Each structure stands twice: as structure tokens, then as C-alpha cells.
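Asker: Any chance you could fold what I've pasted below:
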Amino acid sequence: MIPADPDQRQSHYSAVVGILGRRAGKEERELLRSFASVICFEAPDRFALTLPAEALAERIYRQFRFVTATIPPATQLYKGLPGIHVSVRNPGEDEAAEEEVQAALASVGNLIRSCLRTNFYQRPERPVISIKVNSRKVEGMPSPKPLFEIYVHSRMLEGIHLRGGKVARGGIRWSDRPDDFRTEVLGLMKTQMVKNSIIVPVRSKGGFVLTGEIPAKPAVEGYLADRYREFISGLLDFTDNIADGTVLHPPDVVRHDEDDPYLVVAADKGTAHLSDAGNQAADCAIGSGDASRKRSSAGTGEQTGIGRGRTAGRLLKRRMRDEK
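Answerer: The predicted structure is shown next:
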């Protein structure tokens, strides 16, 4: 129990530190002061105050020498089974920090090599930056790994679109989880894949969050529609087009994958009333050789399908015809 008079402990501490300072070397004094501080200010009276300063300093010093003697040096040789010797190495703080930096750089390098497309170099400059990633090549990514994912970013929004296969459909939601919206979207995609595995073996799912200064109601509705439009346009920026049976690639898109003219999304939580905004973003070409854009709609206010080069309705009719 700490006594009512803290000056008594302070006086005892000063005497102990003075003795230790005369006995220890310069490089040991700081650690010894830490040891003495714990004993003199935090230990019960019978430990901190009963012993004279000389005796307490002696015990602290002996304990300090024991601890420092038992901490292994940076390199040690341990003897294991008979005839087997194992070299154990404890890196220093600087070396451990360097290893962490190298591991982080390796992860970033792996992520860059897994990127397939980006609209970063398109002109005029796009309102969002979009990057398509081959998720199954990213080391350490949590399972289930989608086939592709598109990350969309700007100062006013962040979003993700996960696709389980080349042909996959799913909703886009306005997420209220800015810190882990990808975890939310991945969990929803996984749930859909389990529930609908017999009907549709692979699914897709997307979501976005608003960032920066978000206006209050009712202005937030118009702000949300603009961000949703930008998110959809970011997905379409590097989606291929089909004209007269020929796949056309968007201009100024860095591409390291095969043709990918398929993109279908639907409304979800928070976006069911934004069909018009989605259709405006899907103002893309159907059958024009110059890859201009024309609107494509496949739904009502509750569902919006966006297909660049083919509407969702035409794709569905063709798929059903081929399966007859």
C-alpha cells in the first residue's frame, strides 16, 4: 500500500538511484533507474521502504544483472538433439523494422503485378480512378477470392465491385461501413453464392461509401446520385464493347488481360431509387464502330441492369435460346 506521504518514497528513491549511479556503468544507469522507479513508487511498503537504501540498491542491481544475463544475445547457438545444432538468431530492432519494410514492399509489388486494367491514363481525365485486379493472384487476400475485383476511388467516394466469374450478376449497395466495406461486400457475395449455387454458380457484388464532406438532407440525395453515377462510370470506363461481333477496347486503357465485354449490376440497399442515375452512366454504345456510348436499361426503379455492348435482356434471351 502506498503511504500517505509520497515524499518518503521520493527520498528513498533518490538515495537508491544515487547508490546505483555510483556503482553502474553509464550505459546501465537508465535501465537501473527504471527498475528502481518501479520498486520505490509502485511496490508495497514492506518491499519499498523496509530495507535501507544500500540494501535495496544491492538487490535491484543483482536482479538487473540476472535479467540482462539471461536475455539472449543477437546470435546464439543452441544444442538440440544429439548431433544436431540449431542456430537461432534474434534480429535487432533496426533489422526487424527493415524486414517489415521488405515484407510490405513485397506485398505492394505482388498487388501491382496482379492489376489487369486501369482508366488512370484516359483523357479527358476521369472523375474516378478505377483499377481491375486479378484477386486470385493477390497473396494473403481473405477467402473466398473472387475472380476479379474493381476498386474505384476519388476524393468523394470509395467503392469495390467483386466478380466471382466472367459472367456474374449482383447488386450495388451504398454501404454505411467506411472502415471495412470490402469485408461487407465479400460476405454478401459469399452468402449469395451459397444460397444460389444451384441456379447461378458464381455471383458478383459491389458497394461504395461516401467520403469527405457529406451534405445533410435533403441535399444528400442529389450528392448520392452523383457519386453513384461516378461509381458506375468507373466500372464502365475500361469495360470492352461489342460492335458487329467485334470486341472494341476503350481508348487509353492500360490492359493486361483478355477481352471482357460483360458487366451487369443491379440495385441493392440504398441504391434502389437511383436507376436513372445508373442508366445515365450506362450511356454506352451498342453496335457503333466508334465505341461511343448509348443508354442500356434492363429494369424498373427497383432494378437496373447495365451491359456495355449488350443489354442484360438481350444477353438473357440469347443464353436461354442457346440452352434449348
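Asker: C-alpha only now, for contacts and for neighbours.
Answerer: Will do.
Asker: isn't R203 right up against G170?
Answerer: Yes - using CA atoms under 8 Å, R203 is in contact with G170, at 6.1 Å.
Asker: Give me the residue ranges of the stretch 101-250 of the chain where confidence is low.
Answerer: Within the stretch 101-250 of the chain, the segments meeting pLDDT under 70 span 196-200.
Asker: so where do the strands sit in it?
Answerer: Using DSSP state E, counting those that start in this stretch, the strands of the stretch 101-250 of the chain run over 115-118, 129-134, 148-153, 157-163, 169-174, 204-210, 241-243, 246-248.
Asker: okay, how far is it across stretch 264-275, tip to tip?
Answerer: End-to-end span of stretch 264-275 (CA to CA, to the nearest Å): 13 Å.
Asker: ugh, wrong one, I meant stretch 21-36
Answerer: One end of stretch 21-36 to the other measures 11 Å (CA to CA).
Asker: any residues touching it, and which ones?
Answerer: For stretch 21-36, contacts defined as CA atoms under 8 Å, 6 or more residues apart in numbering pick out Y13, V16, V17, L20, A57, I60, Y61, F64.
Asker: element containing L32, please.
Answerer: If you go by DSSP states H and E, L32 is part of helix 29-42.
Asker: Quick one: mean pLDDT for that helix?
Answerer: Averaged over helix 29-42, pLDDT sits at 79.
Asker: which parts of the helix or strand following that helix are buried?
Answerer: Once helix 29-42 ends, the next helix or strand along the chain (criterion: DSSP H and E) is helix 45-48. Going by neighbour count (16 or more other CA atoms under 10 Å), the buried part of helix 45-48 is D45, A48.
Asker: from the chain's centre, how far out does helix 45-48 sit?
Answerer: A distance of 50 Å separates the centroid of the chain from that of helix 45-48, by CA atoms, centre = their mean, to the nearest Å.
Asker: Dump the C-alpha coordinates for it into PDB.
Answerer: The C-alpha coordinates for helix 45-48 follow below in PDB (Å, rounded to 0.1, in the frame of the first residue of the first chain):
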ATOM      1  CA  ASP A  45       5.800  -0.600   1.800                       C
ATOM      2  CA  ARG A  46       7.400  -3.800   3.000                       C
ATOM      3  CA  PHE A  47       9.400  -4.000  -0.200                       C
ATOM      4  CA  ALA A  48      10.000  -0.400  -1.000                       C
END
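Asker: counting contacts, what elements does it pack onto?
Answerer: Packing partners of helix 45-48 (3 or more CA pairs under 8 Å, 6 or more residues apart in numbering; DSSP states H and E): helix 29-42.
Asker: Now do the buried residues in the helix it packs on.
Answerer: Of all the residues in helix 29-42, those buried under the rule 16+ other CA under 10 Å are R29, L32, R33, F35, A36, S37, I39, C40, F41.
Asker: want to try TSV for the contacts of stretch 21-36, with distance to E149 and neighbour count as columns?
Answerer: As requested, those are exported to TSV (distance: CA to CA, whole Å; neighbours: other CA atoms under 10 Å):
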residue	distance to E149	neighbour count
Y13	62	23
V16	64	24
V17	61	21
L20	62	23
A57	64	24
I60	59	18
Y61	60	19
F64	55	16
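Asker: Of those, which belong to helices?
Answerer: Using DSSP state H, the members of these that fall within helices are Y13, V16, V17, L20, A57, I60, Y61, F64.
Asker: residues touching the third one, list them.
Answerer: By CA under 8 Å, 6+ apart, the contact set of V17 is L32, R33, A36, A57.
Asker: Who are the contact partners of the residue located most distally from the centre of the chain?
Answerer: What lies farthest from the middle of the chain is P52; by CA atoms, centre = their mean that is 56.8 Å. Shown in contact with P52 (CA under 8 Å, 6+ apart): no residues.
Asker: Check what pLDDT it gets.
Answerer: P52 carries a pLDDT value of 86.
Asker: Check A291 too.
Answerer: A291 is assigned 33 on the pLDDT scale.
Asker: Let the chain start at 52 from now.
Answerer: Sure thing, new numbering starts at 52, so read that last one as A342.
Asker: So what sits opposite the nearest residue to I211 once chain neighbours are set aside in the bridge?
Answerer: If the residues on either side of it in the chain are set aside, I211 comes closest to Y202, at 4.7 Å by CA to CA, 6 or more residues apart in numbering. Taking DSSP bridges as the rule, Y202 bridges to I182, I211.
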